[in-house]
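1. Structure, please.
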Amino acid sequence: MDDLIFTQENVENLLLEAGFSDIESIPFVSFEEPNAFRTKAFLHKNSSQEIHVSIECLGDEIGISMQNNIDLE
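-> Sure, this is the predicted structure:
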């Protein structure tokens, strides 16, 4: 797994396969790593079960955060 690199194209394709839409990737500058980008996508956008995912990639590292619009009581 030392050679694992997340590319913008791979991340976007995996999100599409998982059913996400409105996928938008934005590269950002990193002096340490040329493969650096943020990707945002939605699942069930504009519905009562909307899920928003944000992915940040920096070469061989990835951070994922997910948020939904359901209020728990």
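2. What ranges does the chain have for its strands?
-> Under the criterion DSSP state E, strands of the chain are mapped to 21-27, 36-43, 51-58, 61-68.
3. Columns mean neighbour count, mean pLDDT and distance to residue 15 on top of these, output as TSV?
-> Placement of C-beta: from N, CA and C, glycine included. Shown next, in TSV, are these (neighbours: other C-beta atoms under 10 Å; pLDDT from 0 to 100; distance: least, C-beta to C-beta, whole Å):
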stretch	mean neighbour count	mean pLDDT	distance to residue 15
strand 21-27	12	95	5
strand 36-43	18	94	5
strand 51-58	18	93	7
strand 61-68	11	92	11
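4. Throw the ones you listed into CSV and include distance to residue 12, thanks.
-> Converted to CSV, the strands of the chain look like this (distance: least, C-beta to C-beta, whole Å):
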stretch, distance to residue 12
strand 21-27, 5
strand 36-43, 6
strand 51-58, 10
strand 61-68, 13
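5. Indicate which one of those is closest to residue 5.
-> Residue 5 lies closest to strand 51-58 among the strands of the chain, at 8.7 Å (C-beta to C-beta).
6. Could the C-alpha coordinates of the closest one be exported in CSV?
-> Output of strand 51-58 as CSV, limited to C-alpha atoms (Å, rounded to 0.1, in the frame of the first residue of the first chain):
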residue,chain,number,x,y,z
ILE,A,51,-25.7,13.5,2.3
HIS,A,52,-22.7,15.7,1.5
VAL,A,53,-19.2,14.3,1.3
SER,A,54,-15.9,16.2,1.2
ILE,A,55,-12.7,14.5,0.3
GLU,A,56,-9.2,16.0,0.6
CYS,A,57,-6.3,14.2,-1.1
LEU,A,58,-2.6,14.9,-0.6
